[in-house]
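A.B. asks: For reference, the sequence and a predicted model appear below.
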Number of protein chains: 2
Amino acid sequence: MTTSEPIPLVPAAAPPGPARTVYFVSDGTGITAETFGHSVLTQFELRFRQIRMPFIDTLEKAHNAVRRINETFELDGMRPIVFSTLVKSELSTVVRQSRGMHMDLIQTFVEPLEQELGVKSSHTIGRSHNIADSDEYNDRIEAINFSLAHDDGQSHKNLAMADVILVGVSRSGKTPTSLYLAMQYGIKAANYPLIPEDFERGKLPSGLLNYKSKIFGLSIAPERLAVVRNERRPGSKYAALENCRYEVNEAENMMRREGIRWMSSTVKSIEEIATMILQEIKSDKRSY
Amino acid sequence: MTTSEPIPLVPAAAPPGPARTVYFVSDGTGITAETFGHSVLTQFELRFRQIRMPFIDTLEKAHNAVRRINETFELDGMRPIVFSTLVKSELSTVVRQSRGMHMDLIQTFVEPLEQELGVKSSHTIGRSHNIADSDEYNDRIEAINFSLAHDDGQSHKNLAMADVILVGVSRSGKTPTSLYLAMQYGIKAANYPLIPEDFERGKLPSGLLNYKSKIFGLSIAPERLAVVRNERRPGSKYAALENCRYEVNEAENMMRREGIRWMSSTVKSIEEIATMILQEIKSDKRSY
């Protein structure tokens, strides 16, 4: 069994002191356990040493996991915290015998749901079960391919098929947001840069004029933009704060003038921006 | 407040009958609540009507959410299931008053953790809090840019900086896997197609020869590959089953001959493939 290296999660104001060890144990990828565990742990201003244990899908691997958790208990002198999403009850029974503090996501919620729904759960691996054949999966792959083909204004072809077209100055967060929309939500997201030539003409790129209702703008604080651009092209005019101020100001003016909805990406994560855009798209579809 | 349209989740063997309504209520993006809820719900061979309610971050929005949940109860004649990740206790107190069945992810786990850790939680929004400034976030953005620049063999530049280089025939899943590795884990993943010219020469693309230890292969069942390619170029030689058999066979032979680790993507999700590759990379780093 291989496990990944610990990934330290150190909140900004984390006090010094020994870190508590946290395990994410799953019979699948462990992404659910880890995503959920992160949300919970960031509520605490403490340092945590986090270790993934995915694909714990046999009794032997479960016993190995218990051994590691118990060794950590001995070493740390504190019981490790164990977030688990083990679907098969024979596996979770084994892991629960370890000396960690158990946060069993499945058992805690599946059993009350069995009562509520009046049926037994299948106790098989959930999320990714048969996912490769599902329509949802194919939609995501198709959306990823679309977003890649329409990254950074590469192609005007099939823009009519886009669910959303992101615009903004270079490095305002368009590409990661487009890819996240595609990968997480199966949204076909094209993106177009707004460049100095557009500001001089005072017009949106002409290929976009027919699709104004699908356009969504991203802006960014000039100070932040300068930092990001300097990482890419240090000391360039492109990265200079004055130039960043000019471009951002022009882009925001253009979006206001053209009646384009936009938001600032400065203090938001990709996930937050993507989810906000999704909400906008969906509420459109409902009202028209 | 806008909420998204319901997304039907219909398992393959879902029986007919009324679908139970499920709400994902969050003061953030709701991605955690939804990802976790999916894992739990797929344990049940039932139909669910799923509705996201992200950004419920004021008392007014919380009261609106309660109203919607109660209306659904009246309409469905069954109580909706509510997965919530409301961090602020004044918001979760309001939402818990609705007539849904409550699965409060935060309260269920945060309170026992406060006891265990001997500190109070901050009760502020977790996951995405300040994420845009964090090193982890910058690593992810940098990895996404790297993976895009090295998609489909576009560039040999900086391959020394890659954490992993995926190879495989066209449409074996390299691109989505590379992007997922970058976006979820901050892994710099390049990818290179194996094409008929490589098979004729009987050698890996020359640009890769110095990086053999980073190469990871993806293969796919020829029958599945033919379906996928036919969607892209219907009736082409490229998509013909016979050609797919030839390419897959040659690619697998080459990977075996060159001692490249590889796996089949046929029945795996992007998340599973990416996590398996991550495990391989990390165990390398540990043993060398």
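C.D. replies: Done, it's in. As the structure is a computational prediction, the values presented were derived from the model and not from experiment.
A.B. asks: any idea what A:G28 is structurally, helix, strand or coil?
C.D. replies: Secondary structure for A:G28, judged by DSSP: H, G, I helix; E, B strand; the rest coil, is coil.
A.B. asks: Return the backbone torsion pair for it.
C.D. replies: Its backbone dihedrals place A:G28 at phi -110, psi -140, with angles given as degrees, to the nearest 10.
A.B. asks: I'd say it and A:R52 touch.
C.D. replies: No - under the criterion of CB atoms under 8 Å, A:G28 makes no contact with A:R52, lying 11.5 Å away. Just so you know, the C-beta spots here come from the backbone N, C-alpha and C atoms, and that holds for glycine as well.
A.B. asks: For the closest residue in space to A:D76 that isn't next to it in sequence, list the residues it contacts.
C.D. replies: For A:D76, the nearest residue in space outside its immediate sequence neighbours is A:T21; the separation is 5.7 Å by CB to CB, 6 or more residues apart in numbering or on different chains. For A:T21, the contacting residues are A:P6, A:F48, A:R49, A:Q50, A:I51, A:T72, A:D76, A:M78, A:P80, A:I81, taking CB atoms under 8 Å, 6 or more residues apart in numbering or on different chains as the criterion.
A.B. asks: same deal with A:S26?
C.D. replies: Residues in contact with A:S26, defined by CB under 8 Å, 6+ apart, are A:T32, A:A33, A:M53, A:P54, A:F55, A:I56, A:S84, A:T85, A:L86.
A.B. asks: What is the three-state secondary structure of the first one?
C.D. replies: Spelled out, it's A:T32. When states are read from three-state DSSP, the local structure at A:T32 comes out as helix.
A.B. asks: Next one: it relative to A:F216, how far apart?
C.D. replies: Here the criterion is CB to CB, to the nearest Å. By it, A:T32 lies 29 Å from A:F216.
A.B. asks: which one of the two has more residues nearby?
C.D. replies: Relative neighbour count places A:T32 above the other of A:T32 and A:F216, with 26 against 23, counting by other CB atoms under 10 Å in any protein chain shown.
A.B. asks: in what helix or strand does the closest residue to the more buried one other than its chain neighbours lie?
C.D. replies: In space, not counting the residues next to it along the chain, A:T32 is nearest to B:S39; the distance is 4.9 Å by CB to CB, 6+ apart. Here B:S39 sits within helix B:31-41, counting by DSSP states H and E.
A.B. asks: Tell me the one of the contacts of A:T21 nearest chain B?
C.D. replies: Taking CB to the nearest CB as the measure, chain B lies nearest A:I81 of those, at 7.1 Å.
A.B. asks: Domain ranges for chain A, per the record?
C.D. replies: For chain A, whose domains are defined here by automatic domain parsing, the residue ranges read A:7-117, A:131-287.
A.B. asks: how about the last one, does it get close to chain B?
C.D. replies: If I follow you right, that is domain A:131-287. Yes - when contact is scored as CB under 8 Å from any CB of the partner chain, part of domain A:131-287 falls within range of chain B: A:131-133, A:137, A:140-141, A:144-145, A:148, A:151, A:175-176, A:179-180, A:183-184, A:265-272, A:274-276, A:278-280, A:282-283, A:285-286.
A.B. asks: which of these are buried?
C.D. replies: Neighbour counting over the residues of domain A:131-287 next to chain B (16 or more other CB atoms under 10 Å in any protein chain shown) leaves A:131-132, A:137, A:140-141, A:144-145, A:148, A:151, A:175-176, A:179-180, A:183-184, A:265-266, A:268-272, A:274-276, A:278-279, A:282 as the buried ones.
A.B. asks: In chain A, what helix or strand scores lowest on average pLDDT?
C.D. replies: Confidence across the helices and strands of chain A bottoms out at strand A:7-9, with a mean of 41, counting by mean pLDDT, DSSP states H and E.
A.B. asks: ok, the residue nearest to A:D76 to chain B distance?
C.D. replies: A:T21 sits at a distance of 12 Å from chain B (criterion: CB to the nearest CB, to the nearest Å).
A.B. asks: secondary structure class for that residue?
C.D. replies: Applying three-state DSSP to A:T21 yields a three-state assignment of strand.
A.B. asks: Give the bridge partners for it, please.
C.D. replies: Note on A:T21: beta-bridge partners by DSSP bridges are A:R49.
A.B. asks: what are the ranges of the helices in chain A?
C.D. replies: Counting by DSSP state H, chain A has helices at residues A:31-41, A:59-76, A:89-96, A:105-117, A:135-149, A:174-185, A:196-201, A:222-232, A:241-257, A:270-287.
A.B. asks: Between those helices, which one is closest to A:L166.
C.D. replies: Evaluated with CB to CB, those place helix A:174-185 nearest to A:L166, the distance being 4.5 Å.
A.B. asks: Check the offset of that closest one from the chain's centre.
C.D. replies: 9 Å (CA atoms, centre = their mean, to the nearest Å).
A.B. asks: what helices or strands is it leaning on?
C.D. replies: Using 3 or more CB pairs under 8 Å, 6 or more residues apart in numbering or on different chains; DSSP states H and E as the contact definition, the elements that helix A:174-185 packs against are helix A:135-149, strand A:164-168, strand A:189-193, helix A:270-287, helix B:135-149, helix B:174-185.
A.B. asks: hey, least reliable of these by pLDDT?
C.D. replies: Least confident of the helices and strands packed on helix A:174-185, judged by mean pLDDT, is helix A:270-287 with a mean of 78.
A.B. asks: which helices and strands sit right next to that helix?
C.D. replies: For helix A:270-287, the helices and strands in contact under the criterion 3+ CB pairs under 8 Å, 6+ apart are strand A:164-168, helix A:174-185, strand A:215-219, strand A:261-264.
A.B. asks: switch to 6 Å and redo it
C.D. replies: For helix A:270-287, the elements it packs on are helix A:174-185, judged by 3 or more CB pairs under 6 Å, 6 or more residues apart in numbering or on different chains; DSSP states H and E.
A.B. asks: The helix it packs on versus helix B:135-149: what angle between them?
C.D. replies: Orientation of helix A:174-185 against helix B:135-149 (axes from the mean of the first three to the mean of the last three CA atoms, to 10 degrees) gives an angle of 90 degrees.
A.B. asks: Helix A:174-185 versus strand A:189-193: what angle between them?
C.D. replies: For helix A:174-185 and strand A:189-193, the angle between their directions (the same axes, to 10 degrees) works out to 180 degrees.
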